[in-house]
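*Asks:* Dropping the sequence and predicted coords here.
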Amino acid sequence: MNVLSIENLTKIYRGRAGGPPTAALEEVSLSLTAGDFTAVMGPSGSGKTTLLNLVATIDAPTSGRILVDGVDLAELDDEGLATFRRERLGFVFQDANLLDTMSLAENIALPLALARRPADEILARVDELAEELGIAAALHKYPAEVSGGQRQRAAAARAVAAKPALVLADEPTGALDSASSRDLLECFSGLNEKRGATILLVTHDPFAASWCKRVLFIKDGRLYTELRRGPGGRKELFDRVLGVLASLEGESRAAR
Ligand SMILES: Nc1ncnc2c1ncn2[C@@H]1O[C@H](COP(=O)(O)OP(=O)(O)O)[C@@H](O)[C@H]1O
Ligand SMILES: [Mg+2]
């Protein structure tokens, strides 16, 4: 079964103060199956964040359907949406969004505590994830006391802690240096491969996209093309991503 099905999704923002409306997404259809690790790329303003916000239920579509684990988001009321977000989705943003007054361990434990899991299970799961993501030694520190890379890895651990159906990440490496980006991407890749986490990652960065199994490109709110990782692995996918980005650029220039 599809973890995520998006059918003919359209989002039109009403123009401010009588200005013209913006079609941020037009008739986008795509699906993710369990264990997918998919990047969404596209020029600035192409609709990437809009897409993620609609799946995250932060905003509602103008038309079209979104199903997560077979549940049509349009059929949930406010309380249903809040429960859905808490239980079925994991989030990683550009800034870790950890709670400053809690240690990394407490932050990672939060979704499990909200799900009322037993204390021994929570402790075991936090330890196991911290070990896997290389932040075991920093668990009892506060977010302000660790590096940006460690904060993002803690955010990734928190996102997968309660085993959500889908992890959504918007530019998670955007604020990291290249070594920390690489560490974080290795973490995502490990969570995907070893734990079967299904991940949808929005990124500007071809290096980040090259860690994924599939890369979707959007342009002016429409799906443009898609690439899949082949036998050539990450390096080859990276080169193909650069090729598509160059043709996207070229078309935009020609249109001007
Ligand atoms: N809240 C909003 N109100 C009006 N227009 C918006 C809003 N959010 C985004 N847009 C417009 O929708 C388009 C897509 O934006 P966005 O999804 O943020 O693109 P990306 O994340 O790819 O840079 C852009 O033209 C942007 O200006
Ligand atoms: Mg964006």
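*Replies:* Sure thing, it's come through. Quick caveat: nothing in here was measured; it's all calculated off a predicted structure. Ligands and ions are numbered 1, 2, ... in the order given.

*Asks:* drop to CA atoms for contacts and neighbour counts, all remaining ones
*Replies:* Noted.

*Asks:* Who are the contact partners of residue 25?
*Replies:* Contacts here follow Cα atoms under 8 Å, 6 or more residues apart in numbering; on that basis residue 25 touches 9-12, 47, 50-51, 220-222.

*Asks:* now it, nearest residue through space, not along the chain?
*Replies:* Nearest residue to residue 25, sequence neighbours excluded (Cα to Cα, 6 or more residues apart in numbering): residue 221, at 3.9 Å.

*Asks:* how many neighbours does that neighbour have?
*Replies:* 24 (other Cα atoms under 10 Å).

*Asks:* Does residue 216 touch residue 210 like I think?
*Replies:* No: the criterion here is Cα atoms under 8 Å, and residue 216 misses it with residue 210 at 11.5 Å.

*Asks:* coming back round to it: could you list which of the contacts of residue 25 belong to strands?
*Replies:* Counting by DSSP state E, the part of those found in strands is 9-12, 222.

*Asks:* now for the helix ranked longest in the chain, which elements pack on it?
*Replies:* Using DSSP state H to define each element, the chain has its longest helix at helix 233-255. Packing partners of helix 233-255 (3 or more Cα pairs under 8 Å, 6 or more residues apart in numbering; DSSP states H and E): helix 206-209, strand 222-228.

*Asks:* and the ones you listed as JSON lines, adding mean pLDDT, mean neighbour count and distance to ligand 1?
*Replies:* Shown next, in JSON lines, are the helices and strands packed on helix 233-255 (pLDDT from 0 to 100; neighbours: other Cα atoms under 10 Å; distance: least, Cα to the nearest ligand atom, whole Å):
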{"stretch": "helix 206-209", "mean pLDDT": "96", "mean neighbour count": "22", "distance to ligand 1": "15"}
{"stretch": "strand 222-228", "mean pLDDT": "96", "mean neighbour count": "16", "distance to ligand 1": "11"}
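
*Asks:* need these in TSV with distance to residue 152, can you?
*Replies:* Listed next are the helices and strands packed on helix 233-255 as TSV, based on distance: least, Cα to Cα, whole Å:
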stretch	distance to residue 152
helix 206-209	14
strand 222-228	26
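
*Asks:* Out of these, which is closest to residue 78?
*Replies:* Evaluated over the helices and strands packed on helix 233-255, closeness to residue 78 peaks at strand 222-228, with 28.8 Å, by Cα to Cα.

*Asks:* thinking again about what came up before, looking at residue 216 and residue 210, which has the bigger crowd around it?
*Replies:* More neighbours surround residue 210 than the other of residue 216 and residue 210, with 25 against 19 (other Cα under 10 Å).

*Asks:* and the residue lying closest to the more buried one once chain neighbours are set aside, what pLDDT?
*Replies:* In space, and not counting its chain neighbours, residue 210 is closest to residue 238: 4.9 Å by Cα to Cα, 6+ apart. Model confidence at residue 238, given as pLDDT, is 97.

*Asks:* now residue 238: how far from residue 230?
*Replies:* The gap separating residue 238 from residue 230 is 11 Å, by Cα to Cα, to the nearest Å.

*Asks:* Who has more neighbours out of those two?
*Replies:* With other Cα under 10 Å as the criterion, residue 238 and residue 230 differ in neighbour count, and residue 238 comes out ahead with 20 against 11.
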